[in-house]
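Peer 1: pasting a predicted model and its sequence here:
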Amino acid sequence: MIAKERANVHRSCFVFLFIAVAGAQSLPADLFGELHWRNIGPFRGGRTRAAVGVPGQPNLFYVGQVNGGVWKSDDYGRTWTPIFEQEPTQSIGAITVAPSDPRIVYVASGEGLQRPDLSVGDGIYKSTDAGQTWTHLGLRDGQQIPALAVDPRDSNRLFAAVLGHPYGPNPERGIYRSLDGGAVWERVLYVDQNTGGSDVAIDPAHPEVVYATLWEDRQAPWEFDNEYSGTHGGIFKSTDSGATWSKLTRGLPAEVLQADIAVAASNSRRLYATVASPGTVEIYRSDDSGENWTRATTDSRPAMRIGGGDLPVPRVDPQNPDIVYSASIVLWQSIDGGKTWTGIKGAPGGDDYQNLWINPLHPEIILLVSDQGAVVSVNRGRTWSSWYNQPTAQMFHATATNTFPYR
């Protein structure tokens with residue numbers, strides 16, 4: 001029996017050797033005609049960073065996997081359909097739907113996470129038919145674009161946070177603005193070739209007010225090294241639609257490494273930010289549009305980095321500025337303006353939640369994305385849909401048995 005298996009293995013090796021030797025020669029066009037890809041699982045979600053819904057269509061959501069393309073659900077997350085398979089990249093960092101026209105969807109490629117297992121993209125895409133067809137818009141050399149923001153009144157005015165190359169310096173970094181729906185991009189906030197855009201948000205009540213964060217960081221050839229990180233970034237604000245910017249510092253740590261920011265739609269003077277400084281991550285709050293900041297809580301749990309080192313993401317209930325969420329190892333919720341926190345979703349060991357979107361018209365509807373895919377709640381997080389309906393799990397290793405045929 002052993003001899004037979006060895007013979008089969010040798011026969012397989014001979015076939016592969018024949019193909020390798022013949023590779024430089026012409027092969028029949030139909031030699032591999034019978035071979036085709038098929039999904040053998042696992043049928044569960046993988047790391048998902050981008051998430052958005054349509055306020056007036058509470059059943060409709062879009063999500064983007066960091067290496068699995070864009071998917072759409074029109075049944076509250078019960079089923080998901082891929083809508084980006086024909087595009088040359090499947091690494092997605094951000095998705096946004098124009099509030100003034102839900103047919104317009106912008107997708108930023110490149111996951112925007114500085115980690116050893118990252119993937120990069122090739123710029124920004126736009127759909128004007130709710131994801132049926134796509135047009136490439138530019139910023140191709142940005143490679144990682146983790147955030148987009150669209151003017152709630154003008155679907156042609158948008159901002160992109162471009163993080164840039166993960167393993168080296170490049171000039172296509174910072175905050176970019178387009179006034180014509182992405183046809184032309186102008187860099188409006190820039191520090192240097194090592195500091196990129198990390199987050200961007202528009203004040204929904206005053207769209208001329210824009211907040212952005214910059215992050216100085218690059219990956220080393222070895223894992224988990226901060227040799228290329230620095231404090232040239234921080235939190236910035238523009239009051240003239242992005243033409244000029246000022247750095248927000250009052251009450252914040254002297255050295256800001258990275259920050260994520262959220263604006264309360266019901267009271268846009270209220271801001272929340274997760275802020276990383278050397279040795280710590282903390283949650284800050286502002287009640288005067290970012291002029292002054294205070295540390296919101298002494299509870300360190302909602303400020304814990306997501307597994308792999310990703311910064312927690314804050315989001316505010318669109319109808320109550322005192323209800324704020326932090327996507328971390330657990331999904332945390334505060335109902336008193338960030339002072340006290342309760343975990344509302346997360347296994348005992350945590351699930352690494354990457355982002356969430358709250359429906360502005362129905363804040364009980366939440367789209368939550370994580371390292372395990374996307375789930376939907378229609379009751380403020382009491383129950384959730386399944387993430388075992390998305391074949392987007394990331395594959396890190398592959399191997400084969402010595403049997404014939406091999407497995």
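Peer 2: Received it, and whenever you're ready, just let me know what you need.

Peer 1: show the pLDDT at the residue at minimal distance from the centre of the chain.
Peer 2: Central residue of the chain (Cα atoms, centre = their mean): R49, 3.0 Å from the mean position. According to the prediction, R49 has pLDDT 95.

Peer 1: contacting residues around it?
Peer 2: With contact set as Cβ atoms under 8 Å, 6 or more residues apart in numbering, R49 has these partners: 64-66, 92-94, 111-113, 146, 354-355, 369. The way it works is simple: take the backbone N, C-alpha and C, and place the C-beta from them, glycine included.

Peer 1: using PDB, write out every CA atom in the helix or strand containing it.
Peer 2: Using DSSP states H and E, R49 falls within strand 48-54. Only the C-alpha atoms of strand 48-54 are listed here, as PDB (Å, rounded to 0.1, in the frame of the first residue of the first chain):
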ATOM      1  CA  THR A  48     -13.900  43.600   7.300                       C
ATOM      2  CA  ARG A  49     -13.100  47.300   7.700                       C
ATOM      3  CA  ALA A  50     -15.600  49.200   5.500                       C
ATOM      4  CA  ALA A  51     -19.200  49.500   6.400                       C
ATOM      5  CA  VAL A  52     -22.100  51.700   5.400                       C
ATOM      6  CA  GLY A  53     -25.900  51.600   4.900                       C
ATOM      7  CA  VAL A  54     -28.600  53.700   3.300                       C
END
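
Peer 1: list the buried residues in it.
Peer 2: Going by neighbour count (16 or more other Cβ atoms under 10 Å), the buried part of strand 48-54 is T48, R49, A50, A51, V52, G53, V54.

Peer 1: ditto for stretch 110-120
Peer 2: G110, E111, G112, L113, Q114, R115, L118, S119, V120.

Peer 1: which residues of the stretch 201-350 of the chain fall in helices?
Peer 2: Using DSSP state H, counting those that start in this stretch, the stretch 201-350 of the chain contains no helices.

Peer 1: tell me where the model's unsure across it.
Peer 2: Applying pLDDT under 70 to the stretch 201-350 of the chain picks out residues 223-226, 348-349.

Peer 1: where do the strands sit along it?
Peer 2: Assigned by DSSP state E, counting those that start in this stretch, the strands in the stretch 201-350 of the chain fall at 210-216, 234-238, 246-248, 258-263, 271-277, 280-286, 294-295, 313-316, 324-327, 331-334, 342-345.

Peer 1: for G196, find the nearest of these.
Peer 2: strand 210-216 (6.0 Å; Cβ to Cβ).

Peer 1: what is that closest one packed up against?
Peer 2: strand 158-162, strand 174-178, strand 195-202, strand 234-238, strand 258-263 (3 or more Cβ pairs under 8 Å, 6 or more residues apart in numbering; DSSP states H and E).

Peer 1: 7 Å instead?
Peer 2: Contacts defined by 3 or more Cβ pairs under 7 Å, 6 or more residues apart in numbering; DSSP states H and E place strand 210-216 against strand 195-202, strand 234-238, strand 258-263.
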